[in-house]
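Asks: Give me a model of this one.
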Amino acid sequence: MPNKTSIIVQGTEVHIVSIDNSDFISLTDMVSGFDGGSSLIDAWLRTKSTVDFLGVWERINNPSFNSVEFDRIRMEAGSNSFRLSGKKWTKNVSGIGLVAKAGRYGGTFAHKDIAFEFGSWLSPEFKLYLIKEFQRLKEQEISYGNLEWDIRRSLTKINYHIQTDAIKEYLIPALISKQQKSYIYATEADLLNTALFGQTAKEWRAQNKDKKGNMREYATVEQLVVLASLESQNALLIEQGKNQTERVLTLNKLARNQIKSLINHPSIKKLNLKN
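Replies: Numbers count the residues shown, from 1 in each chain. Presented below is the predicted three-dimensional model:
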């Protein structure tokens with residue numbers, strides 16, 4: 001991939017740079033078509049859920065991540081006086097997920113995993129267009145089969161870890177066996193499956209004995225976008241002490257509203273994304 005390139009997302013040019021063989025997308029370009037402009041990046045970075053997301057991403061991808069300093073930032077996140085920038089994040093926690101670049105095409109860039117999450121916060125519709133155009137770019141370089149796997153991982157893996165961190169902290173009591181822990185994680189995964197797909201993994205397998213893999217591998221891109229949102233929301237509900245019955249009802253309502261919004265939006269119908 002060239003060191004610098006761009007895609008057009010809903011009429012907005014969004015630059016992409018390659019850093020250490022990873023794609024970084026300009027958040028500054030992404031917000032240029034929205035009211036509020038770059039202030040939206042500041043607003044997103046101020047939220048506790050964003051800080052939690054960034055922390056999980058760094059722990060997964062950055063062996064030099066300063067978790068001690070991250071804990072201090074996390075304690076301050078969400079307060080009226082809290083401010084966070086890409087430059088501050090990189091400096092204080094030795095972060096690699098956000099990059100502040102100077103120059104003509106400068107601004108705040110984020111690893112594609114993080115940029116997709118920011119896109120969800122801006123607008124699910126915008127995120128789908130971003131994925132579509134990013135996909136078009138990558139199709140020029142690699143086979144479609146490899147791309148599909150890469151995009152699916154980008155849409156699901158990080159939010160999954162945010163949810164499992166919340167489960168570990170709030171739902172798993174001390175001194176239980178690995179088998180019991182696995183059961184709790186599986187139960188929470190099926191809570192999301194029920195909220196979004198209307199059935200558990202076991203029920204899906206019983207109805208699709210001829211298919212390999214799991215139900216999420218056959219989900220549409222729209223469903224995966226909503227799933228990522230539900231994982232973040234479930235983590236928040238767990239922290240709030242909501243029980244499974246309350247959470248599955250809330251998440252199902254969110255899933256139905258978001259899917260309906262995406263499917264019925266006229267511009268989304270024109271995307272014709274491959275699955």
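
Asks: In space, what's closest to Gly119 - neighbours in sequence excluded?
Replies: Across the structure, with Cβ to Cβ, 6 or more residues apart in numbering as the measure, the residue nearest Gly119 apart from its sequence neighbours is Lys127 (3.5 Å). Quick note: C-beta positions are derived from backbone N, CA and C, even for glycine.

Asks: ok, how many other residues are close to Val56?
Replies: 20 (other Cβ atoms under 10 Å).

Asks: That one belongs to a helix?
Replies: Yes - assigned with DSSP: H, G, I helix; E, B strand; the rest coil, Val56 falls within a helix.

Asks: that older thread, so the residue nearest to Gly119 versus Lys181, what's the distance?
Replies: According to Cβ to Cβ, to the nearest Å, Lys127 stands 32 Å off from Lys181.

Asks: more neighbours, the two?
Replies: Set side by side, Lys127 and Lys181 show more neighbours around Lys127, with 25 against 15, by other Cβ under 10 Å.

Asks: give me the element the more buried one is part of.
Replies: helix 124-139 (DSSP states H and E).

Asks: And the helices in the chain?
Replies: 27-30, 39-46, 48-61, 67-76, 86-93, 112-122, 124-139, 144-170, 178-197, 201-207, 221-239, 244-264, 266-269 (DSSP state H).

Asks: helices or strands up against the fourth one?
Replies: Think helix 67-76. helix 48-61, helix 86-93 (3 or more Cβ pairs under 8 Å, 6 or more residues apart in numbering; DSSP states H and E).

Asks: ok, and what's touching it?
Replies: In this structure, residues lying in contact with helix 67-76 by Cβ atoms under 8 Å, 6 or more residues apart in numbering are Lys48, Val51, Asp52, Gly55, Glu58, Arg59, Phe82, Leu84, Asn92, Val93.

Asks: closest to Ala110 among these?
Replies: Distance to Ala110, by Cβ to Cβ, is smallest for Glu58 among those, at 12.0 Å.

Asks: Number of residues surrounding the closest one?
Replies: Residue crowding around Glu58 was assessed by other Cβ under 10 Å; the count is 24.

Asks: tell me the contacts of Gly107?
Replies: The contact partners of Gly107, taken as Cβ under 8 Å, 6+ apart, are Ser26, Leu27, Thr28, Asp29, Ser38, Ala100, Lys101.

Asks: Good, we can wrap up now.
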